[in-house]
Structures are given as structure tokens and as C-alpha cells.
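S.K.: Sequence first, predicted model second:
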Amino acid sequence: MESANVANAKAAAKIQFAVSLLGDGMYSVLQRHFGLKNQLDFNDLLKMMSSKVDEAFSGLEPQNRQLLQHLLERAKAIRDRHSRQDFDVHRSEHDLECLLKLASLMGLSECQQEISNFAGVSIGDWEKLKSEGNEHYKKGRWLEAMNCYTKAIQCNTNVAVLYSNRALCEINLRKFDLAREDAEDAIGLDPSQIKFHRILSEALYKLRLHEPALDACQTGLRIDSTDETLLLREQLCTALVLDSQQDVGAEGSSQTQSSDLYKKLRDCQVESISGISPDEVSPIDSTILQSISELDKAHKILQSGRGDITEEQKAFEIFESVAKQGSAQGLYNMAIMYKDGNAGLARDPAKHFQLCLQAAEQKPYLSAMDDVFLNIGVAEAENALGVAYRDGMAVEKDDKLAFKWFLKSARHGYASAMSNLGLAFYNGAGCERSPTSARWWLQKAADLGQSEAQLKLAGMLIEGEGGPADSEKAVELLKSAADQGLPGALEALQQQMRRGAMKAKRMNSARKIVEEKAAANDKEALFLLGRNYLHGEGGFEQDFELAEMYLRKASDLNHERAFPALGKLLLQLGKEEDAAFFLRKAAESGDAEAQWVFGCMLSLGQGCENNPTEARRWLLRSKKDSQKEVEELLKASSQILLFEAARGLSKNGLSQDERFARYVESFASSHKSKEVFRDLFQYCKQTMGVSLHPAGSNHMSTMQTSEQLMAKKAAQGSKTAQKYFIGFELLDQMRSALDSNNGPEAFRLYRLADKTWQPLIIYNSTWKKLFDAATAAFEKNPQDSEAYFVIINYCSVKKLSNVAELLRMALACTNLNPNVADYYNYLGNMYGFNGDGISALRAFERALELDWEPHWLYGKASAIRHHQRLSDRRRVIEAYEEYISANEKDDRHIPEACYCIAFEYLGFEDMTMAREYFRRGLQAESPEVRLPCFEPVNDCPPKEMLQKMFLLYDLENSSPLNSQLPSESSHGDRCSSCGKRDASQRCSRCKKAFYCDRDCQLKHWKVHKKQCVN
């Protein structure tokens, strides 16, 4: 830094000396010719000299007088820069040369010599210096080359090539103003050299002086009208000049075309060229410029005539024409038309793939002077090849090749490829899984406005995957994606805004956003608003009338998810003909549930004509039931129709369920429920009467006894016991699906069984078979969330993963399909095991929002307890009471819920309520209430703590509660300090507190002394 300052100071001194000496010289000239008496400022001297050039220097050639005027203008700029101290060492060399030339032209030889001596200008061999400069230039040492040419110019100021060579160095050093001066000096010495005009036009272009650059191009083209560089630059400069003008004149059509051409280039200009290899860049020529113009015409034709085959064919002909000239964009647009079957072409994935390969072979960048532009069509084609390999379109599926093409396209700046690459890193498709890398690439794509990347990145930010969580940034990303109309983005935005900040303002803002977008006829917002009213979500009260209105509007705009939602709502409202119409559209769009519901309607002629053949087709396509089950359903429907026909019964005003109930009631007796449970018990005996652990016969006996007691409970009306048999019936169906190699159906049935009943008891052999099928399915399709859910549960049951790993797996499963409630319920449990009450609560709330399962309320209450225990005990109590009231008295976790409530009341020091709920917990554990299939409630910390606390308070006096507590005498006395049994020593004062030893007694004394008596 110090040497640079010294160099600048020396340069400033040289300029100051030269300006002073030159000022004296100009004064003497003006005094001699015009009798000037008063001393003037340097700038005033320059101004006066400029006005008297022709008179004072009439003996000079006109060309030299013109040069003198030019140098006087430069001298004024030098003085202005000097007064502002705005200069550097290299600039000072130019300034010194200017002032020396000025002295020479004015005949001030002594002044010129003194300036040269003071500046240390040495005279040497200019040709040798030029050769040295040329060697430096060839090796890219621009600064060294420039310094050599400067020294050569000091030796000989009349060699034009020295100035042009130095100008080239200055362009490479991005000193464009200096390059301009040198190019002008070169032209001044030899205006016939077209090379000098090229250099001047480039320097002016880089200085964004487009009109002077255009003039330089035109001057050079008068020397050689075929110069490719000047012709191209002339086109660009013309477009830029026109682009800067507000009005285009009468002949504006061709001019506007030139302006549009530049705008097309400018839109794909690369801001930073670092990392771009010269091998990836192709220079722009007139053919490429013509292709860009032709492609613009083709796109305008498509925009105005979309869907018109004749217009599409016109556009295709243009694409084909420019593609023959090597246009990547032309090749890629042809590929798209073959892929989509436009312009009357047959869909041809193979042709699409081949054309994309040809486009991807082109260089990804174009250059014009120092500017670099994207070669549109190359990166797009590379991404399309990645999609083809990822999805197995016209080629064999290959995740590694897909990853390779996505990476190539992403590096060439294509946002969709960056998003695809991020998803590949996230899922470990074709690469090692890396959420950090996924987040980095998704962020790059999101920054470029790629909506799919914004949605996925928002999810990662919410969950803190691949980096720190940032809910605020996630909201902004979701807003951007929703503004672009991405399906699911607005819904995710609403969920995050309501879940992330539990404040009225944030909740209201979510509602406001949805309503504003719906008012603007945004189909995503209309669908979401309709769903909100349908389910009473998002801060909206349930209103079927409004739900129907908004879902109809969304359906009118062809929102695919609106069709099944509206169809089911209309079916619920009894508008069955309308329901059939929308459910058919949903079924045709591939909605499996709609296919099943519509098939059922066809089987009974509900809202449509009875059509068993079409019903069978839709029921089988839904894959909800096996073919055997479909045939049984169709047979049952046929029996209902025959029954109704035989009795002349009308179906008007009745739902499918009501018609079925009417049919069943026709032969039901008063003892029907007992018979049903007896039949169910017999079925369970047949399917479950085999040892679940072949090596343990005693266990089989216990299970048979338990099963008989469960059947008895079910027959007595226990809904919980009935769910037990339903759960195991689902497991039996799962085994059948496995035996039929129907993995997806088996995975679905497992999830339903897991939701219906826990804990599930599955044969080891069945577990292994299910796990192997799920592993194979997931390896084949990493997006298969049902298979992954099976894998997670297997790892949990077999203790193959710790709770931290299970949490990560649960997060991944939820991300694979964020609309399955069971995944969120499992995720909530994993968060709970990992001690994250806040995240657990969020997961359980989402699960209950998607699917109301009352027994999940226990998980929600436990999450609130772990999060809110010290700050809001009342909320904890209310959450557990909600669970108790929503479930049967023999539900699995009723005892634990009672003990947790009792513990919270103990925190309030409300012993009465604490004892009451403890009593209820014991009652729920009693054989009269608790189902025999449930494990004993032994590992319950609140229960253990309550027992100790009650023993402490009731040590002296018995209470009604004590008679219900487990007997201590049969197991020895407990130590009042550590709780261990068989404590042999007691307090010598009260004789009622027992201890293991003296250490335990000393530790407990602070508590015991308050109750101890002499």
C-alpha cells in the first residue's frame, strides 16, 4: 500500500510540474501573438488558446491543428482530474504523453525537454521495446506488455501500432478510457488501418458509449464493408441506441426488430464469467443473430396461435430451419413439439430424446466482444435428458445418468435443473444423500424464481434440514411459489403461517392472503378456500354451502384436486347426480379414492345408471381392494338391487349407506349383535390360533386366553375390543396381499392396521417378508412413502435404529408424502422420544388436522406436557381430559392420562383432585376395565412419583386411597429416600420412615423433619 502511494505521489508531481511549465509556455505564446498582459489560470489559458489555434498556428497542417484542439481538450481533463486527485500511475503516463505532444505542437521545445528531463523519460530502442511487449502480450501478461509499449512510445511518438497494441493491453486490463485514447491516437497517425477502428469501437462499446461506438464501426466499415467484427458490433450498437430512445421514427419496424434482438440477447447475458471455460463459448456471428430473430418470430406465432395446428406447423418449420443451422434453441423446441405431440406430430419420446442430445452437444455460451450470453436450448436440453433418465422416458431408468445431466444443466445456469439436482441430493438419487447440498442447489434455483424449488426449500427450512430452521424465510418462499400458482404452495403457506406463529395477526394474514387470491380468481386459492370451509381449517368455520361454491369455481378452472373434493362433498349433501359427474372427472384424472367411490356408485346405480361392468373397471383401477373383494362388493350390490326390486322400494333420497342398512335390517334379529361378535370370535380363532412365536408354546396359550377374553369384551360392547379384531383382520388381509406379491396393497393395509390398533403383534417371518418387500419397493422407487413407513416401523420394533435416527427417517417419510396423517402421528411420537415437545405438538396437530383419530390426542397431550408443564399446567390437564372424553374408558392410555392429570394437580397443590385422578387411573388399570391384551402400566413415571408423594404425606395416617395402593409389606418396606425395597432401618424418633442406611436418612432429613414427631 505504501509503494502505491509513493508511486501516485511521484506521478502527481510530474503532472503538476508539466502543467505549470506548459502554462508558462502557453502564456508566452498568447503574449507574443495577442499581447496578453494578465496572468490566467491554466484552464483559462487552455480556453483562450483553443479559440486562437487557427491564428496562432496558421503554419501547421490542418490535420495537426485539429490534433492540437483535441490535445487541448485532453489537457483540460488532465487538470480537472489533477485538482480532484483522481488519477493513477498508468493514467499519468497517458497524461504526460498528452502534455508533451501539446508542447511539441505549440513549438515549446524547451518546455518539452524540461518536462521530459523531470519525468525521467529515457530514450531507447523503440523496436526492441515493441518486441518485448509483443512477447508479454502473447503470454497474457497485459501489464508488462503495456509498460513496454509505453516506454516505446516515449522513444517514438509517431508509430501508430504502438498505441494500438497498448490499447489492446488496456482493454484486457479493463482500462477502457485509456484504450479509447490510444485507439484515437493510432487512428490520428494512420486512419487507414481497420484494426484501429475495431479497437476504438470496442473500447467505446465497453464504456457504454454506444453512439460513438456506432460511428467508429461505420467509419471502419467505409474502409472494409465486409469486416465481420465491425458488422456484428454495428448491429448491437444500433440495437442499443434504438433501445435507449423512447420513440422510433417512421421506419420503426426494422429498427424495433433490431432493438428486440438486443433485448433477447440482454435477457440471457451472463453476469459473471468466472468458471466458464473458453471451450464452452462460441462467438456470435450473423447466422446466430439471424437465428435469434427467426426464433422470436416462431415464439410469437405459437403465442398467438396456440392449439391451432396450422400455426404450430409454421412455428415448427422455423424451428426446423434454424436447427439445421446448428441452433440449440431450434433443436430443443423441435424436441418439445415431438414430446407434446404439437403441430400435428405424433408423440415421439425417442425423437424428443435424440433432438435433446443434439442440442446438448452445442456450446452452452455465446460471446460478443467481452460479453457472454447463454446459448438458449443447451441447458434446457441437458435438463430434459436428466428428466428422461430419471423417469425412464424413451431410455432405461438411470438415476446416475440423470444426476449427471442435471448437474451439467445446473452448472450452465438452468433453474429447473438446479431444482432437480437439489431433489436428487435430497433423495440420494444417483448420488450420496446430502440435505446440505440439496438445500444449496434448491436455494440457487429458488433465487432464480423456480417455484418447485421454493416449495421444497421452504419445507427444509421449516424442519431445519440441511441447515438451520428459518420459518420466516420459509413463509417468503411459499408466498413466492403461491404467487406463481404452484399446486400445494398456498396450502403449505397457510399451514406454516398458522402453525409457525400462534398469533392472531399471523393467522389472520394467512386468511387474508387466501381470500385475496381467491377474489382474483386464483384456482389454487379457490380450491384451498373451498377445502378450508369443507373441513373448518385455516381459521375458517365449517360451511358446506361456501365450500361447494368455491370448489365449483376451482373445478371450473380445471383444478384436479377440486374434482374429488367437490364430488365427495356433493355426495355427502345428497346431490348425487352432480357428485357422479365430478367423481367421474376425478377418477379419469387418476384419483384412486374417486375411482373407488365412483365404482361403488355405478354398482348400485347411485346418482347414475347401474353399470356393473364399468363399476368393476373403476374399482379394480383404484387398487383399493383385491379382485376377489371387488367381486364380493358387486355381488352384494346386486343383492341389494334385487331386494329393492322385489319389494318395490325406491332409492330416492337415500344414500348408499342407508340403502345398505335397509337391506341388512330386513333380516336382522334382536340378537344380531351377539351373533356378529360370535362370528367374529370364530374368525379370529381360525386366523390367530397359531403361535406367534413358534418356539414359545406357553405364549401361544396366553394369547389364546387373551383372545377369548377380548372376544367377550367385544361382545359386551367394548368398541376398543372391536377395534382389536378389526386391526388383526387388516393384518390378515395384509398377509394375503404379501402372498399375492401385491406389495403396495400390503403396505397400505399395514398402515391402516397400525392406525386401527397398537401394539400390533406380527409373526417374525411375516415381519421379515413385509420388510423385504418394502425394502425392494423403496430401492426401486425412493418416493414410495408407504414402503418407507414399513421400513421405519420394522427398524423401531427390531431396535435397529436409535430414536435420533428414527426421527430423521420419520421426517424423510413425511416429506415424501406430506398429506398422510399417520406419518405425522409417528413423527410426533419420535419428536417426543427425542425430547422436542414443540415439534411433537406441531406434528400431532397436523396429523389430527388431516385425519381425526381420537386416540392420537394422547400423543398431543403428552407433547403439551413436555413443552408446557412448568408454564401452563391447566393446558396440560385440558389436553389429557380431551383425550379421555374423546375415547372409550378402556382405551390403552387412559390410566397414564389419569396419572398425568393427577401429577399436574399435585403441582397446583390440589391434593383432592390429585387423589381423585390417581384413583381413576387405578380403576382404569383394574381387570374389570383394562383389556387383557394391554401391557400392565408399570413404566409410568408420574404414577411412581405420585405413589411416593402420597406415601410421604400419608405416612402417619391411613387414607381411603391407601387401601387401593399396592401392598408394600409383601415386598418389604421402601426407603423414604431412594425408594428401594427391604429398607432395614427406621427413623428413631417417629419410627415410621424407613431407610437403607444413614446416608439415605441424612439425604432425606430436610423433607422428613417437617413431619417427624418426638
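M.R.: Arrived safely, thanks for sending. All of these numbers come straight from a predicted model, not from anything done at the bench.

S.K.: Please spell out which residues along whichever helix in the chain runs longest are buried.
M.R.: The longest helix of the chain (DSSP state H) is helix 2-34. Of all the residues in helix 2-34, those buried under the rule 16 or more other C-beta atoms under 10 Å are 8, 11, 14-15, 17-19, 21-23, 25-27, 29-30. For glycine as for every other residue, the C-beta is placed from the backbone atoms N, C-alpha and C.

S.K.: what do you get for stretch 639-650?
M.R.: In terms of neighbour count (16+ other C-beta under 10 Å), stretch 639-650 has its buried residues at 640-641, 644.

S.K.: just to revisit the earlier point, can you tell me which of the buried residues of helix 2-34 has the lowest confidence score?
M.R.: Lowest in pLDDT among the buried residues of helix 2-34 is N8, which has 72.

S.K.: quick revisit: out of the buried residues of stretch 639-650, which one sits closest to C900?
M.R.: Nearest to C900 among the buried residues of stretch 639-650: I640, at 47.9 Å, using C-beta to C-beta.

S.K.: Helix, strand, or coil at I123?
M.R.: At I123 the chain is in coil, as set by DSSP: H, G, I helix; E, B strand; the rest coil.

S.K.: quick one, what contacts it?
M.R.: Counting by C-beta atoms under 8 Å, 6 or more residues apart in numbering, I123 touches 154-155.

S.K.: Kindly provide the distance from it to D391.
M.R.: 74 Å (C-beta to C-beta, to the nearest Å).

S.K.: Could you chop this structure up by domain?
M.R.: 1-121, 125-242, 867-952 (the TED database).

S.K.: Can you give the distance of the longest one from its chain's centre?
M.R.: Remark: domain 1-121 is offset 63 Å from the chain centroid, using C-alpha atoms, centre = their mean, to the nearest Å.

S.K.: Which parts of the protein are strands?
M.R.: Counting by DSSP state E, one finds strands in the chain at the ranges 281-283, 365-368, 371-374, 985-986, 994-995.

S.K.: what's the most buried one of those?
M.R.: With neighbours defined by mean count of other C-beta atoms under 10 Å, none of the strands of the chain is more surrounded on average than strand 994-995, at a mean of 24.

S.K.: That one pairs with which strands?
M.R.: strand 985-986 (antiparallel) (DSSP bridges).

S.K.: chain center to the partner strand, what's the gap?
M.R.: Relative to the centre of its chain, strand 985-986 is centred 66 Å away, using C-alpha atoms, centre = their mean.

S.K.: Now do stretch 621-639, average pLDDT.
M.R.: pLDDT averaged over stretch 621-639 gives 87.

S.K.: for stretch 65-79, same thing?
M.R.: For stretch 65-79, the mean per-residue pLDDT is 82.

S.K.: Show me the contact partners of that stretch.
M.R.: Outside stretch 65-79, the residues within contact range by C-beta under 8 Å, 6+ apart are 15, 19, 22, 42-43, 46-47, 49-50, 53-54, 57, 60, 95, 98-99, 101-102, 105-106, 181, 184, 188.

S.K.: In helices only, show me the residues you listed.
M.R.: 15, 19, 22, 42-43, 46-47, 49-50, 53-54, 95, 98-99, 101-102, 105, 181, 184, 188.

S.K.: which of the residues you listed count as buried?
M.R.: Listed as buried from those are 15, 19, 22, 42, 46, 49, 53, 95, 98-99, 101-102, 105, 181, 184, 188; burial here means 16+ other C-beta under 10 Å.

S.K.: Out of the residues you listed, the closest to L455 would be?
M.R.: Nearest to L455, judged by C-beta to C-beta, of those is E181 at 54.2 Å.

S.K.: Just to check, that closest one is in contact with R91?
M.R.: No - contact criterion C-beta atoms under 8 Å: E181 and R91 do not qualify, at 9.7 Å.

S.K.: thinking again about what came up before, please name every helix or strand in contact with the longest helix of the chain.
M.R.: Packing partners of helix 2-34 (3 or more C-beta pairs under 8 Å, 6 or more residues apart in numbering; DSSP states H and E): helix 42-51, helix 53-56, helix 62-84, helix 89-105, helix 109-119.

S.K.: how about 6 Å then?
M.R.: helix 42-51, helix 89-105, helix 109-119 (3 or more C-beta pairs under 6 Å, 6 or more residues apart in numbering; DSSP states H and E).

S.K.: closest one to I877 among those helices?
M.R.: Minimum separation from I877 across those (C-beta to C-beta) falls at helix 89-105, 80.2 Å.

S.K.: contacting residues around the closest one?
M.R.: 7, 11, 15, 18, 22, 68, 71, 74-75, 78, 111-112, 115, 119, 150, 178, 181 (C-beta atoms under 6 Å, 6 or more residues apart in numbering).

S.K.: and what of stretch 784-794?
M.R.: With C-beta under 6 Å, 6+ apart as the test, stretch 784-794 has contacts from 747-748, 750-751, 770-771, 774, 777-778, 809, 813, 816-817.

S.K.: And the residues you listed, which of them are buried?
M.R.: Those of those that meet the buried threshold are 747-748, 750-751, 770-771, 774, 777-778, 809, 813, 816, by 16+ other C-beta under 10 Å.

S.K.: From E548, how far out is A525?
M.R.: According to C-beta to C-beta, A525 and E548 sit 16 Å apart.

S.K.: Over to K651?
M.R.: In terms of C-beta to C-beta, K651 sits 23 Å off from E548.

S.K.: what do you get for A203?
M.R.: Using C-beta to C-beta, A203 is found at 69 Å from E548.

S.K.: Looking at those two, which is more packed in?
M.R.: Between A203 and E548, counted using other C-beta atoms under 10 Å, A203 has the larger neighbour count: 27 against 20.

S.K.: tell me the contacts of the more buried one?
M.R.: Shown in contact with A203 (C-beta under 6 Å, 6+ apart): 176, 179-180, 183.

S.K.: Swap in 7 Å and give it another go.
M.R.: By C-beta atoms under 7 Å, 6 or more residues apart in numbering, A203 lies in contact with 167, 171, 176, 179-180, 183.

S.K.: In TSV, list these along with distance to R531.
M.R.: Output for the contacts of A203, formatted as TSV (distance: C-beta to C-beta, whole Å):
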residue	distance to R531
A167	68
I171	62
F176	60
A179	64
R180	65
A183	68
